[in-house]
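1. Sharing a model that was predicted from the sequence below.
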Amino acid sequence: MERSCFNYRIQGPTETISEYNVALHAMALHCNFADTLTTRLRDRLVSGLRSETIRKSLYTKKKLTYKDALDTALAIELARKEATPSTTSNVSTHYSGSKATSQPQLQQQSHNGRRHRRFPAKQPRSTPQSSRESASHCTMRGSCLLCGSNKHARVDCPLKDAVCDGCGKKGHIKPVCMLGTSRPPQPARTHHVQQQIPFLS
């Protein structure tokens with residue numbers, strides 16, 4: 001019964017070759033193989049390996065001893081373990097490289113964004129006098145921008161050649177002038193009247 005279990009023993013899914021070898025030795029103690037112990041261990045070790053690649057590599061060797069089989073299997077397993085982190089590291093490095101490549105772009109974009117925010121707001125261009133007049137006239141209600149009347153259009157206004165009393169400009173009258181309101185008030189003209197007081201004799 002013990003020998004039957006030994007002959008069907010294979011490497012477990014998460015079992016290393018070293019652990020598998022120790023388990024075979026523990027089972028062989030109850031099998032009484034005597035002088036054939038190393039041969040039995042070699043055959044069971046090679047046949048029960050989970051990796052087909054390692055098995056084929058061992059099958060191709062002539063005069064394979066138990067020690068050679070164990071050393072070769074352990075060496076291949078170790079090489080695979082060392083190669084796996086290297087591959088993962090390469091992938092991680094490549095990913096990090098891609099990330100590192102894109103990160104400066106994001107930082108640059110963010111930096112540019114901050115730089116743009118530091119720019120002072122654009123100052124509005126100075127409006128010519130005529131444009132300011134037109135803007136002020138547009139604030140008045142009515143179809144005509146020159147006199148404020150809604151009875152006619154600007155081109156038909158009879159006061160289009162009038163001179164404004166508020167700002168002195170030609171083309172509108174004082175009631176619709178928005179510039180004249182900012183002019184400093186003119187000092188009121190005073191009339192000195194000399195009152196003659198009759199003297200009593």
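-> The structure has been received and is ready for your questions. Residues are numbered from 1 along each chain as shown.

2. buried sites along the strand or helix carrying Arg3?
-> Take DSSP states H and E as the rule and Arg3 turns out to sit in helix 2-7. Within helix 2-7, the residues that qualify as buried are Phe6, counting by 16 or more other CB atoms under 10 Å. From N, CA and C alone the C-beta is placed, and that goes for glycine too.

3. for it, packing partners?
-> Contact analysis of helix 2-7 by 3 or more CB pairs under 8 Å, 6 or more residues apart in numbering; DSSP states H and E lists helix 17-28, helix 37-47 as its packing neighbours.

4. immediately after the last one, which helix or strand?
-> Secondary structure here is assigned by DSSP H and E; on that basis, the next helix or strand after helix 37-47 toward the C-terminus is helix 52-59.

5. Could you check the angle that following helix makes with helix 17-28?
-> The directions of helix 52-59 and helix 17-28 differ by 60 degrees, with axes from the mean of the first three to the mean of the last three CA atoms, to 10 degrees as the criterion.

6. Show the average pLDDT along helix 52-59.
-> Helix 52-59 shows a mean pLDDT of 93.

7. That one to helix 37-47, inter-axis angle?
-> The directions of helix 52-59 and helix 37-47 differ by 140 degrees, with the same axes, to 10 degrees as the criterion.

8. Which strands and helices lie in contact with helix 52-59?
-> Right, helix 52-59 is packed against helix 37-47, helix 66-118 by 3+ CB pairs under 8 Å, 6+ apart.
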